[in-house]
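> missing the sequence, but the structure's below:
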């Protein structure tokens, strides 16, 4: 199965390590998604957060295939998040697909698998509404604008006729400051390795907002839909302009000890829909992972050169 399928002028992720397109058929979903393990994991997370009296929600970041009506899907295809929620219901699981479909403007870039600022804002609103947070999706549009044009993570030279996408970028307000970045983040920023795949997991940053509309301290575990960089396409950016303090960790697995030490008021979890093929174990040790990753990269040839992986 090809990794990317082009439909008109839009690229869709269909293959890769998660065999994305197969997830939309009943047989493929049954073979690839461990539903019983997910049921147990969500129950374990519920018990963990209940023991700490921490409210939590987990957002399944939809694939572009799930959202765009012109997606190259066979008749009868069903998004994997919907299949999972049909297998077992849990109030903590958030699927923003329907809200994203209602967007008048495209929620995803033509050449990228990730959402645009409009998509991120709608998804973030769905994630925080259960906590009584009335997030206005137009809020980021009030911040200073700069625009960047580039091809997204699905583009390659086979699609050289496609123009770069225009990605709006908003600056964080001055009231938001990054007050902590762990050694993984510091290393990749120092060596221009921000897009190095091996340095994604374990990225840990903390933002503090002295003028936040909400007073809560939040922990956010997520993926490239959240991220450690202050970009308005990311849930972390939206959390940072909303809450007084945000701890972001790039990981699908939870570090339960770290969450206990942070003692947040709210826990937000995010995971791409295609990652349902890999059920987390929640035995992540961020400090040990940081030490292991840096031992692998520090002093390695090419540590000062950037990678184009996304």
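Nice, thanks for sending it over. None of the values given here were measured: they were computed from a predicted structure.
> Give me the pLDDT value at residue 299.
As predicted, residue 299 sits at a pLDDT of 66.
> Quick check: closest non-adjacent residue to the residue sitting nearest the centre point of the chain.
Centroid-nearest residue in the chain: residue 225, 2.5 Å away (criterion: Cα atoms, centre = their mean). Excluding its sequence neighbours, the residue lying closest to residue 225 (Cβ to Cβ, 6 or more residues apart in numbering) is residue 61, at 4.3 Å. All C-beta atoms are positioned from the backbone trio N, CA, C, and that covers glycine.
> all helices for this protein, in order.
26-32, 35-51, 64-67, 80-87, 97-101, 117-128, 183-190, 235-240, 256-262, 286-297 (DSSP state H).
> So for the fifth one, what gets flagged as buried?
Taking 16 or more other Cβ atoms under 10 Å as the basis for neighbour counts, the residues of helix 97-101 that come out buried are 97, 99, 100.
> List just the nearest of these to residue 11.
Closest approach to residue 11 among the buried residues of helix 97-101 (Cβ to Cβ): residue 100, at 17.6 Å.
> related to what we said a few turns ago, which of the helices of the chain sits most buried?
Each of these was scored by mean neighbour count; the highest is helix 235-240, a mean of 27, by mean count of other Cβ atoms under 10 Å.
> residues in contact with that helix?
By Cβ atoms under 8 Å, 6 or more residues apart in numbering, the residues outside helix 235-240 that reach it are 59, 120-121, 123-124, 127, 135, 140, 170, 172, 176, 205, 207, 209, 218, 220, 222, 225-232, 246, 248, 268, 270.
> Mind checking which of those are buried?
With neighbours counted by 16+ other Cβ under 10 Å, these contain buried members at 59, 120-121, 123-124, 127, 135, 140, 170, 172, 176, 205, 207, 209, 218, 220, 222, 225-232, 246, 248, 268, 270.
> Pull the number of nearby residues for residue 210.
10 (other Cβ atoms under 10 Å).
> Go ahead and confirm it touches residue 175.
Yes - the pair residue 210 and residue 175 qualifies as a contact (Cβ atoms under 8 Å) at a distance of 4.8 Å.
> ok, residue 29 - contacts?
Residues in contact with residue 29 (Cβ under 8 Å, 6+ apart) are 22, 23, 78, 80, 83.
> Spatially, which residue comes closest to the last one, not counting chain neighbours?
Right, the one you point to is residue 83. Excluding the flanking residues, the one nearest residue 83 by Cβ to Cβ, 6+ apart is residue 29, at 5.1 Å.
> Residue 147 versus the one you found, what's the distance?
38 Å (Cβ to Cβ, to the nearest Å).
> swap in residue 166?
6 Å.
> Then residue 136?
Counting by Cβ to Cβ, the gap from residue 136 to residue 147 is 22 Å.
> Residue 257 too?
Computed as Cβ to Cβ, the residue 257 to residue 147 distance reads 41 Å.
> Residue 166 and residue 147: which has the busier surroundings?
More crowded of residue 166 and residue 147, by other Cβ under 10 Å: residue 166, with 12 against 8.
> re earlier: using JSON lines, lay out the buried residues of helix 97-101 together with distance to residue 10 and pLDDT.
Output for the buried residues of helix 97-101, formatted as JSON lines (distance: Cβ to Cβ, whole Å; pLDDT from 0 to 100):
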{"residue": "97", "distance to residue 10": "17", "pLDDT": "97"}
{"residue": "99", "distance to residue 10": "20", "pLDDT": "95"}
{"residue": "100", "distance to residue 10": "15", "pLDDT": "95"}
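> Specify which member of those is nearest to residue 152.
Of all the buried residues of helix 97-101, residue 152 sits closest to residue 100, with 17.1 Å by Cβ to Cβ.
> contacting residues around the closest one?
Residue 100 is in contact with 62, 67, 107, 115, 119, 122, 123, counting by Cβ under 8 Å, 6+ apart.
> Contacts only, for the closest residue to residue 107 other than its chain neighbours.
The shortest distance from residue 107 to any non-neighbouring residue, by Cβ to Cβ, 6+ apart, is to residue 119 (3.2 Å). Residue 119 makes contacts with 67, 100, 103, 107, 108, 233, as judged by Cβ under 8 Å, 6+ apart.
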